[in-house]
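[1] The following comprises the amino acid sequence and a computationally predicted model.
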Amino acid sequence: MLTLDHLAVAGESLAEAVAHVEAALGVPMGPGGEHAHFGTHNQLIGLADGLYLEAISANPAVGALPYPRWFDLDRFAGAPRLSNWICRSDDLDADLALIEADAGKSVALSRGDLRWRMAVPDTGILPYDNRFPALIQWDVAVTPAEILPASGVALIRLEVAHPEAEALRKLVALEDPRVVFVSGASELRATFETPHGRRVLQ
């Protein structure tokens, strides 16, 4: 069984992604770091209930890579938006073997003291137009969600919309009442309780 871990907002630049999150939620994002393997960088904000949110983009200081970036960032264009949701696995290899879709291969990654493995398809594109969750296995005792400062923001609902929403739902071994699969055009939409009331991020 998977567990919701965090959400990702992508932008053509990190500044655009951060501004989109801060405008939507009304709270500032904190620092993040760089992901050398995939040539990306991020900023983070802690959410209630053991979750967090990251703003992420390709790092302009890094040139072309010999393989696609994760989160389909090589093809990202347009306004910043909620682009991916990430679920935690306690046994990534076992879970990948059970999923009847190309959810990716386990890639060992690190940033500072953090160590984790992420399932990344060879194309960088997750199933169902990136609406399938990216899968992560943390290889540290303390995850980012446990050390990020509290922001006063809590996820209320995550809508995963796709024309084949029911087929997608059956593939995702997740039981979380906050996560709802909706038939429609492919997009993610998250509703949060914030210090400024209920806000929507998409």
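    That came through, no problem. Numbering: from 1, shown residues only.
[2] A36: neighbouring residues, count only.
    13 (other C-beta atoms under 10 Å). The way it works is simple: take the backbone N, C-alpha and C, and place the C-beta from them, glycine included.
[3] What of R131?
    When neighbours are counted by other C-beta under 10 Å, R131 comes out with 21.
[4] tell me the contacts of the closest residue to it other than its chain neighbours?
    Leaving aside its sequence neighbours, R131 sits nearest to H162 (C-beta to C-beta, 6 or more residues apart in numbering; 4.6 Å). Going by C-beta atoms under 8 Å, 6 or more residues apart in numbering, H162 touches 128-129, 131, 168, 181-184, 186.
[5] Now a ChimeraX select for only the buried ones of these.
    In ChimeraX syntax, the buried subset of the contacts of H162 is picked out as below (16 or more other C-beta atoms under 10 Å):
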select :128,131,168,181
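[6] Please name the bridge partners of the residue nearest to R131.
    Note on H162: beta-bridge partners by DSSP bridges are S183.
[7] Quick one: the strands in this protein, in order.
    Here the chain has its strands, by DSSP state E, at 3-10, 30-35, 40-46, 52-58, 81-88, 105-111, 114-120, 134-138, 154-162, 179-183, 187-194, 197-201.
[8] Just the angle for the third one relative to strand 105-111, thanks.
    Right, the one you point to is strand 40-46. 80 degrees (axes from the mean of the first three to the mean of the last three C-alpha atoms, to 10 degrees).
[9] again, but for the fourth one
    Calculated by the same axes, to 10 degrees, strand 52-58 forms an angle of 100 degrees with strand 105-111.
[10] do the second one as well
    In this structure, strand 30-35 runs at an angle of 120 degrees to strand 105-111, with the same axes, to 10 degrees as the basis.
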